[in-house]
Every structure is written in structure tokens, then in C-alpha cells.
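1. I would like to see how this sequence folds:
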Amino acid sequence: MNRNHWPEVLLRDERHFDDRVLRCFAERPPHLPALLAAAEARDPGAPALVDGPRRWNWRALREESTRLAVGLRRLDVKAGDRVVLLAPNRAEFVIATHAVLRLGAVLVPVSMREAGPGIAFILNQCRASVVIADPVMMMLVPPALADGEPLQRVCLPGASASDGWMRWETLLDQPTAGFMDAAPGEEEAAVILYTSGTTGAPKGAVLAHLNLVHSVLHYRHGLGLRAGECGLLAVPGSHVTGLVALILAMAGVGGSVVLLADFKAAASLALVARERVTYTLMVPAMYALWLRDPALRGTDLSSLRLAGFGGAPMAPATIEGLRASCPGIRLFNAYGSTETASPATMTPPGSDVLEAVGKPLPCADIRVMDEQGREVPRGTPGEVWIGGPMVVPRYWDNPKATAEGFAAGYWQSGDIGTLDAEGYLRVHDRKKDMINRGGYKVFSVEVENCLVGHPAVQEAATVGVPCPVLGERIHAFVYAPGASDRGSLRAELVARCRTELADYKTPDGWSWLAEPLPRNANGKVLKRALREQVV
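-> Below is the predicted model of the structure:
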């Protein structure tokens, strides 16, 4: 694969995770504690974290994370122990992340949208020793694991006194003399991130230090991130994008993270202008809300030079709207997953090919394979397999899922895509979401982009529903909050599809949503839930 579209970096092949030969960065930090220490050493007084009126430079952030690390050690947290973190985008999330990693323990961030049974499952499946929880989540945390093993519980500031819970402030009230960062091996676990679990129980992807260091370097080299960068964390820090693309990537260059706990278009635009944000990575729906908010026209976004999107396809209408409204911003697409520790492909510098998810990053190995595990010719659809040092070695304590999800060191993504002659990867659909209408394969994203291109449609999703004649028919879910005459809108959408798409791709059934599309914690549309509504 020609990798000249990326800045020149020194790469070499290495053996890791028993039997994988991987293309790696020859020069890299040995683990995450070293990466974090370098941020303070580079410029201790540089901004590191902004949470509303609260601010930390790198010296202060390291000092506070040291005190928490010592406090956790007094709770007998050792290298390799799992620490579950249930917190929104607030400063304590970032402080806890650094503290746990500096102990050589394993961070397990959990979505604030997770319900009680899911939290209990994760605590027991990873055998957590400590849980740190936001006040609104405390009632969902059991006092012990299912087998009676005690669970040490720490509540973040803002909680009233509660039996069995230790206060965050007490844990930080520790002398720090003599504390030294751990030095974990590259292949040791650093983070466990649980997949969304839309089908069956969630799986805990084990992100090793090697995986995360390479992802941080991919963001640095792929985007030209630099010291003094200011990144807006608008997606959850508990998700792989928030954790890696913002929290760890900013530490990797000595930049700062600006936290946004609750996304509202006008408030987020004002925050970008006030803090002079230079970089962010959000889901497409957030940019669509920016474009629909009148505040965009009067907001100074001149500081913002890098705006990425991922997690779902960006509608062409949204891309064109951003180009027109924010011409000075470099838009880029990033494609990856929890299992790839964030990005595997990215839009290269100087490219405006945003309908593709980019080109493979320097250490990424992307293959498009058929059902028999054979590579298909360029331009032919197949399942996207991803290899490289960013790809996790396994799922936590789940050999069956590991065997089913990985083949010869490649993660089998379940996405249907194509690689073109220039090396761009296009992702057309999830393997399970591709619709077979009378023998014709329909990529749902193509239909959805057509629907969202109508000015009245804010969001749309299509699913296949069983049909005794055709096998499957196409059913569209449309969120158009400003449309008063749905009959007229439906006629316009049908005409639009018949003009822009093959005739068999026009939806057969329609549902009108009163609320935005249902999504999981990672921002992906819950098509299974939509399908169940009409089946």
C-alpha cells in the first residue's frame, strides 16, 4: 500500500500478541504513563484542562492525578486491577483517567446512559475492584459483586453523604512524596471498553498500551496536531473517540481539553469561540445541529482549523453546508471502532474526498474480503478486515467472542466496503443492515443520504423488513420536526428517490418520528430497535 499521502515517519515490522506481525512506529513512547509525563515536561504551565470556570495547567493536572493515584493505592489498587469509571464529561473523569493509567491499573469507562443491569454485568464481568461514580449514577451501583466480593465505591463531588461510599475529596487528601509512575509492558491492558451490546451481552475490548500509543500517534501524524492545540470534547469521554481522539491525543502533544458535558448547538458554538478551540471530532448529527442553529451565523469560529466526524456517515448536504458556512476549517472523516482503538482510516491532508472514510493510516492494514475469506478486487464490495498495532488483542475473558471476531490478527468489522484504485475506503453499510430487495442489494446509507438531502429532513434511517414476495422491503424512518404536511413531504421524498436512485431503492414503507433517531452510547443508530417497530 502506498503510504506517501501521510507525513514521512519511520516504520518497522514487529511481532506482538504472540502471532501478529505488525507495522509499527519505530519511535514511540513505551506506554501511556510515559506519554502523559512528557506532556508536563514539555511545558508545565501550558493549559491542560478546562471545565467551565475550572482550569488546570499540566503541572496542576499531574499533581491532582498523583494525589488520586496515591489514594487509589491506599484502597489496594494494584497494577492490572480494574477501576470502573461512571462519570460524564467533567474534570474528574480526566483526572481519574490519568491516575488509573499511572498506577498501571486498567481503566473501565462506562457510559452514563447505561442502565443498572448493564452496569452490574460490566462490574462482574471485568471483576472490578473499585468503582468511581457520578452522584446521579450511585443508586445503580451494587455494594458488592455477584459472588459477594466487596466493591470499593468512590463518589464524585456533589454527592451527599452515603453509607458505603468514600468521598472523592477524602481520596485526594494524600501526601504524594515518593510516588512513581508504573511502567507497564506494551502488551498489557490499559483500558477495557465495552461494546454497545445492541445484540446480546456487551463484550469488553481490551485496549493495550501498544494499541493506544499507536492511535495517539496516528492522530498526531494524520492531523498535524501540535503543542498548544485546544480540543473540544463534545462526545462522551467514555467512548473510544472521546477518550483517544481528545483526552489522550491532547496529552500526546501537550494540548488542552475543553469539556462539554451536555451538547447544545448554541452553547457548544459559544464555547468554541470563547476558548479558541482549534480541533474537535464529533458525530455528524452534532454538525447538522450547528447548521440549523441561528447562532452559527454570528459565531467566531476562526480558531477552529480541524473538524472531524465519525461514528456514522455524514450526509452530503451537511458536508456542503459546513463547507459553505465554515470555509476555513479542514473537515476530515475518521473511521474506526472500539476494537481498533479509534482510527484505522482518515481523510489525508489536502484531500476533499469526504464521501469516503479516508485512506488507511500509516500502521493500518485494511483488506476487503469475501465470505470465503478471500481478498476481492479493488472496487468490489466485501467485508472490511482491519489489522495493525491499533487492533485490540482480545475481548476480556471471552475466548468465544475473540475467536468469532478475529481472524489471523485481523478484526472482522462487519462493515461492507470497497477500496478504490487510489486507496480510499468507502463503507456502504453494516453487513447485517444491507437490504436484499428481490435479489437487489441495497445499501441503506445511500437511501438515507438521499432522504436527508431534503431540506425538511433532519434525520433518516432505513431498514429491511420481511416480505413474502421480495424477501425484504425497504422501510424508512424520517425525523422532520418542522414538516406540517407529511403527505406532501412523503410525495416529495418518493420523487427525490426515484430521480436520484435506482427505482428499487425507493422506500416501500414510511414512519414519521416525533423524536430524533434512537442511538446507542457510541452514537450509532439502533436499527434493531427500529426494525422491531415494523416487524
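
2. buried residues, the lengthiest helix in the chain. List them.
-> The longest helix of the chain (DSSP state H) is helix 58-74. When burial is assessed from 16 or more other Cβ atoms under 10 Å, helix 58-74 yields the following buried residues: 58, 61, 62, 64, 65, 66, 67, 68, 69, 70, 71, 72. For every residue, glycine as well, the C-beta is placed using N, CA and C.

3. same list (the residues you listed) but as JSON lines, adding pLDDT and distance to residue 240.
-> Compiled in JSON lines, the buried residues of helix 58-74 are given as follows (pLDDT from 0 to 100; distance: Cβ to Cβ, whole Å):
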{"residue": "58", "pLDDT": "98", "distance to residue 240": "24"}
{"residue": "61", "pLDDT": "98", "distance to residue 240": "22"}
{"residue": "62", "pLDDT": "96", "distance to residue 240": "24"}
{"residue": "64", "pLDDT": "97", "distance to residue 240": "24"}
{"residue": "65", "pLDDT": "97", "distance to residue 240": "21"}
{"residue": "66", "pLDDT": "97", "distance to residue 240": "26"}
{"residue": "67", "pLDDT": "97", "distance to residue 240": "27"}
{"residue": "68", "pLDDT": "98", "distance to residue 240": "23"}
{"residue": "69", "pLDDT": "98", "distance to residue 240": "23"}
{"residue": "70", "pLDDT": "97", "distance to residue 240": "28"}
{"residue": "71", "pLDDT": "97", "distance to residue 240": "27"}
{"residue": "72", "pLDDT": "97", "distance to residue 240": "23"}
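
4. so which residues make contact with stretch 512-525?
-> Identification of contacts with stretch 512-525 by Cβ atoms under 8 Å, 6 or more residues apart in numbering yields 111, 113-114, 196, 198, 235-236, 238-240, 283, 285, 311-312, 338, 458-459, 461, 477-480, 486, 526, 529-530.

5. list buried residues within the residues you listed.
-> Buried members of the contacts of stretch 512-525, counted by 16+ other Cβ under 10 Å: 111, 114, 196, 235-236, 238-240, 283, 285, 311-312, 338, 458-459, 461, 477-480, 530.

6. just checking, residue 247 touches residue 235?
-> No. Using Cβ atoms under 8 Å, residue 247 makes no contact with residue 235, being 10.9 Å away.

7. in the stretch 101-250 of the chain, which spans are helices?
-> Assigned by DSSP state H, counting those that start in this stretch, the helices in the stretch 101-250 of the chain fall at 116-125, 168-172, 209-223, 240, 249-253.

8. which one of the ones you listed lies nearest to residue 420?
-> Closest of those to residue 420 is helix 209-223, at 19.2 Å (criterion: Cβ to Cβ).

9. could I get the closest one in CSV with only the CA atoms?
-> Below are the C-alpha coordinates for helix 209-223, written out as CSV (Å, rounded to 0.1, in the frame of the first residue of the first chain):
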residue,chain,number,x,y,z
HIS,A,209,-0.8,0.3,25.8
LEU,A,210,0.6,-0.6,22.4
ASN,A,211,-2.9,0.0,20.8
LEU,A,212,-3.5,3.3,22.4
VAL,A,213,0.0,4.7,21.9
HIS,A,214,-0.3,4.0,18.1
SER,A,215,-3.7,5.6,17.9
VAL,A,216,-2.4,8.7,19.6
LEU,A,217,0.4,8.9,17.1
HIS,A,218,-2.0,8.3,14.2
TYR,A,219,-3.9,11.4,15.3
ARG,A,220,-0.8,13.4,15.8
HIS,A,221,0.7,12.5,12.4
GLY,A,222,-2.5,12.2,10.5
LEU,A,223,-3.8,15.6,11.5
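
10. now do the phi/psi pair for residue 398.
-> Backbone torsions of residue 398, given as degrees, to the nearest 10, read phi -150, psi 70.

11. can you tell me the closest non-neighbouring residue to it?
-> Nearest residue to residue 398, sequence neighbours excluded (Cβ to Cβ, 6 or more residues apart in numbering): residue 203, at 5.7 Å.

12. okay, now that neighbour: neighbour count?
-> When neighbours are defined as other Cβ atoms under 10 Å, residue 203 has 25 of them.

13. and the pLDDT for it?
-> The model reports residue 203 with a pLDDT of 94.

14. cool, the one 5 residues further on as well?
-> At residue 208, the model reports a pLDDT of 98.

15. what residues are up against it?
-> Contact partners of residue 208, counting by Cβ under 8 Å, 6+ apart, are 17, 186, 187, 188, 189, 190, 392, 393.

16. shouldn't residue 92 be in contact with residue 155?
-> No. Look at residue 92 against residue 155 with Cβ under 8 Å: they stay out of range, at 10.3 Å.

17. out of the two, which sits in the busier spot?
-> Neighbour tally, residue 92 and residue 155, criterion other Cβ under 10 Å: the higher count belongs to residue 155, 25 against 22.

18. the more buried one - nearest residue in space that isn't next to it in sequence?
-> That would be residue 165: by Cβ to Cβ, 6+ apart, it lies 4.6 Å from residue 155.

19. domain ranges for the protein?
-> Annotated domains of the chain cover 11-425, 433-534 [automatic domain parsing].

20. before we move on, back to that, overlap of the contact sets of residue 92 and residue 155?
-> Residues touching both residue 92 and residue 155 (Cβ under 8 Å, 6+ apart) are 132, 168.
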